[in-house]
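J.: need a structure here:
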Amino acid sequence: MWTNATGPQLMRNLPNRGPKHYWTGVQIAYSAVIGTNLFIFAASVVLLLGIIKERVSLIVPWIVGLITFMALEAVAVVYSNVLRDHVNKKFDSFCKIEVTFYLIRAVLNVLSLLSVIKFYNMVRLGVTWKGPETIEL
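T.: The predicted model follows:
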């Protein structure tokens with residue numbers, strides 16, 4: 001039977017209060033994605049300093065951080081999409097756009113990772129791009 005219940009009374013009468021908890025999980029997953037992107041941005045600033053100064057100790061944190069946080073972001077994206085799918089009963093178009101965007105970024109991140117590892121190996125071997133030092137007599 002339908003009643004004229006409103007607000008909290010209506011929520012008590014509903015048998016399944018699950019979607020609210022799922023949306024909380026989605027928000028936590030999005031917070032993780034935002035956090036990983038902010039960390040990768042900060043690590044990229046350190047990487048730029050490492051490239052300019054040609055110091056291996058400033059390049060390694062970016063390599064480790066990118067690998068770690070790419071994996072964390074993948075888990076968070078999949079988790080948020082699965083939870084949204086559970087609530088909506090289908091993968092919506094936003095899910096497809098989000099996964100496509102993530103895959104494009106992942107490919108670009110892997111290419112940049114390979115380039116930075118090559119640069120890292122060259123710096124470790126002693127290759128330099130600095131100009132010749134002036135020798136005064």
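J.: List the buried residues of stretch 121-128.
T.: For stretch 121-128, the neighbour count (16 or more other CB atoms under 10 Å) marks residue 123 as buried. To be clear about C-beta, it is placed using only N, CA and C from the backbone, and glycine gets the same treatment.
J.: Does residue 70 touch residue 106 like I think?
T.: Yes: the pair residue 70 / residue 106 is scored as a contact, 6.4 Å apart, by CB atoms under 8 Å.
J.: Who has more neighbours out of the two?
T.: residue 70 (17 against 14; other CB atoms under 10 Å).
J.: Skipping adjacent residues, who's closest to the more buried one in space?
T.: Nearest non-adjacent residue to residue 70, counting by CB to CB, 6 or more residues apart in numbering: residue 109, 5.7 Å away.
J.: so where does the one you found fall, helix or strand?
T.: Counting by DSSP states H and E, the element that carries residue 109 is helix 93-125.
J.: Can you pull out the low-pLDDT segments for the chain?
T.: The model of the chain has pLDDT under 70 over residues 1-22, 87-88.
J.: What's the local residue count around the residue nearest to residue 70?
T.: If we define neighbours as other CB under 10 Å, then residue 109 has 16 of them.
J.: Next: residue 46.
T.: Residues near residue 46, counting by other CB under 10 Å, number 16.
J.: you'd agree it is up against residue 63?
T.: No: using CB under 8 Å, residue 46 makes no contact with residue 63, being 11.0 Å away.
J.: Mind giving me the packing neighbours of the lengthiest helix in the chain?
T.: Taking DSSP state H as the criterion, the chain has its longest helix at helix 18-53. Judged by 3 or more CB pairs under 8 Å, 6 or more residues apart in numbering; DSSP states H and E, helix 18-53 is in contact with helix 56-88.
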